[in-house]
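Student: got a predicted structure plus its sequence, pasted below:
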Amino acid sequence: MAETDLAPASDALETLRRVFGYDSFRGDQAAIVEHVIAGGDALVLMPTGGGKSLCYQIPALVRPGVGVVVSPLIALMQDQVDALRNAGVRAGFLNSTQDYAARQEVESAFLNGELDLLYLAPERLSVESTVRLLDRGKISLFAIDEAHCVAQWGHDFRPDYLQLSALHERWPDVPRIALTATATEATHKEIAARLNLDEARHFVASFDRPNIQYRIVGKNSPQRQLLELLRTEHQGDAGIVYCLSRNSVEKTAEFLVQNGIPAVPYHAGLDARTRAKHQSRFLREDGLIVVATIAFGMGIDKPDVRFVAHLDLPKSVEGYYQETGRAGRDGLPSTAWLAYGLQDVVQQRKMIDTSEGDDAHRRRLGAHLNAMLALCETVECRRVQILNYFGQKAEPCGNCDTCLSPPEKWDGTIPAQKLLSTVVRLRNERRQKFGAGQTIDILLGKSTPKVTQFQHDTLKTFGIGTELAEPEWRAVVRQLLAQGLLEVEGDYGSLVLTEGSAEVLSGDRQVMLRREPERAPAAKVRSAR
Ligand code: ADP
Ligand code: ZN
């Protein structure tokens, strides 16, 4: 190998030690850094906490010119830049939160070659003056962070990202490195296509986070269930609790505080100062819990988050994996705990049905939700299921709830037929639509006012389902939804049949269901920590 080939690698290692104070590269970092320093394009898929930042920061320091980092995380730019400056790196950012003077300062630093790294919000690149500015300076590389935002198939699409395809046309000689912690195979392909990364080398790390224990439980009294988890397994630990709505964020944080557990809320409805305060308390204090909407967490680097709890169903497996990935960055045992119920599915369906955007968009959202449901209702190893979703193979892990206490399978064909034929009868009825509650009441033979009002006690299926209790019927509904044998739609979460339902009704298809474990055996699970 010629000497010039060796030089960059040793520069990189020297920079890693001198600037960042680390001894060695991790995983693919060395190969990625070397490739980009040599001027190659790269597409990097690495789980949260894998160490993506160094993959572009080191080449930016080694190559002549300024490394331009495109990131959607405007709220974090100040922190990122401060951290780099503390390490002696000359960094700046341009985004909409700045005043004119601050922007001027960064721009002239850029032009004078006094910057190593410049962070940009993607929308800056649609401003002609920014493009002209970039033209006048020397760029060492483009880093496209959170690259999955360019993919429409992904769960976090941002239209501003589409124009990043133009980077290559305008600056064909500048190497580009696109990075993401979340990409299914479809998203991975879409990123490469949309960013014109045909020549890029792909670096795909294992997405597995072996120290995270995945657990998904049925939701009955979410706050109580959470409290029990915290008291039995996570006394004094720092963690993140995700809720869907601002209101439930507030209520849950209050509930924890009332029960003597330090917690603060975080959501987009709080003013910026409160949010910043809660975020920095979370980073600095030990054992604080943040109860948050998904607005919280992107780019937050706290190593000792011991658990991530979801009190509502995430909208996609990608989102779920990204959020749970914030636990256990230090590699120590951590818990990803999710409580979900039928109501979550009904609510999310409704949100999808009423969401803006075209049919294709709604279909995508629906597919994301279905995959999430399938993960919740699987009888197989959660980790295997998750990694398969990201196109990676794995063996049963021994560190998830289904591995630790395998759910029993049972032949649910007959209950499924009873339920589906009730749905058929309800659909035939004067075109009225009914949800799971009414359907189950009919199966159980309950003469509620609503049952009597619609004379549903005269239906042939009235009272034919007393072999199961109400929670079991709800589990049957959830699993039929997860298996695509039933769907919910509309404001009232009406149940509707799918193509698969017909096969079940005609007896051509067997339905295997999972028996709900009474309750996760806490002691057993805890000993795995
Ligand atoms: P990601 O962006 O992939 O989520 P980060 O770049 O934020 O991950 O890195 C996660 C953590 O790992 C950070 O605290 C970072 O300083 C640390 N880290 C990354 N690479 C190394 C390394 N080679 N040696 C030691 N620590 C590292
Ligand atoms: Zn497992």
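Tutor: Sure, I can see it. Please read these numbers as outputs of a predicted model, since none were measured by experiment. Ligands and ions are numbered 1, 2, ... in the order given.
Student: quick one: the helices in the stretch 301-450 of the chain?
Tutor: For the stretch 301-450 of the chain, the helices defined by DSSP state H, counting those that start in this stretch cover 317-324, 342-353, 359-377, 382-389, 401-404, 413-428, 436-444, 449-453.
Student: redo these as TSV? Include distance to residue 211, mean neighbour count and mean pLDDT.
Tutor: Using the backbone N, CA and C atoms, a C-beta is placed for each residue, glycine as well. Written out in TSV, the entries for the helices of the stretch 301-450 of the chain read as follows (distance: least, C-beta to C-beta, whole Å; neighbours: other C-beta atoms under 10 Å; pLDDT from 0 to 100):
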stretch	distance to residue 211	mean neighbour count	mean pLDDT
helix 317-324	12	24	93
helix 342-353	27	19	91
helix 359-377	19	18	91
helix 382-389	11	21	94
helix 401-404	15	20	96
helix 413-428	38	20	92
helix 436-444	37	23	95
helix 449-453	49	12	93
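Student: up against ligand 2, what does the stretch 151-300 of the chain have?
Tutor: Proximity of the stretch 151-300 of the chain to ligand 2 is assessed by C-beta under 5 Å from the ion, with no residue identified as in range.
Student: ok, back up a step: so which of the helices of the stretch 301-450 of the chain gets nearest residue 153?
Tutor: Using C-beta to C-beta as the criterion, the shortest distance between residue 153 and the helices of the stretch 301-450 of the chain is 6.4 Å, found for helix 359-377.
Student: how far does that closest one sit from its chain's centre?
Tutor: From the chain centre to the centre of helix 359-377 is a distance of 13 Å (C-alpha atoms, centre = their mean, to the nearest Å).
Student: what does it rub up against?
Tutor: Applying C-beta atoms under 8 Å, 6 or more residues apart in numbering, the external contacts of helix 359-377 come out as 152-153, 155, 216, 313-318, 320, 338, 340, 345, 348-349, 352-353, 355, 382, 385-386, 389, 478-479, 481-484, 514.
Student: can we see that at 6 Å?
Tutor: Surrounding helix 359-377, the residues in contact under the criterion C-beta atoms under 6 Å, 6 or more residues apart in numbering are 155, 216, 316, 317, 340, 348, 352, 385, 479, 481, 482.
Student: for those, work out which two are farthest apart.
Tutor: In terms of C-beta to C-beta, the contacts of helix 359-377 reach their longest pairwise distance at 155 and 479, which sit 23.4 Å apart.
Student: what distance do you get for the residue of the stretch 101-250 of the chain found nearest ligand 1 to ligand 2?
Tutor: For the stretch 101-250 of the chain, the nearest residue to ligand 1 under the criterion C-beta to the nearest ligand atom is residue 181, separated by 6.0 Å. Computed with C-beta to the ion, to the nearest Å, the distance linking residue 181 and ligand 2 is 21 Å.
Student: now do the contacts for residue 255.
Tutor: So, once contact is read as C-beta under 6 Å, 6+ apart, residue 255 ends up touching residue 223.
Student: which SS class is it?
Tutor: helix (DSSP: H, G, I helix; E, B strand; the rest coil).
Student: quick one: it from residue 215, how far?
Tutor: Residue 255 sits 21 Å away from residue 215, going by C-beta to C-beta, to the nearest Å.
Student: which one of the helices of the stretch 301-450 of the chain lies nearest to ligand 1?
Tutor: When the helices of the stretch 301-450 of the chain are ranked by distance to ligand 1, counting by C-beta to the nearest ligand atom, first place goes to helix 317-324 at 9.8 Å.
Student: does any bit of the closest one sit next to ligand 1?
Tutor: No - Helix 317-324 stays out of contact with ligand 1 when judged by C-beta under 6 Å from any ligand atom, the minimum separation being 9.8 Å.
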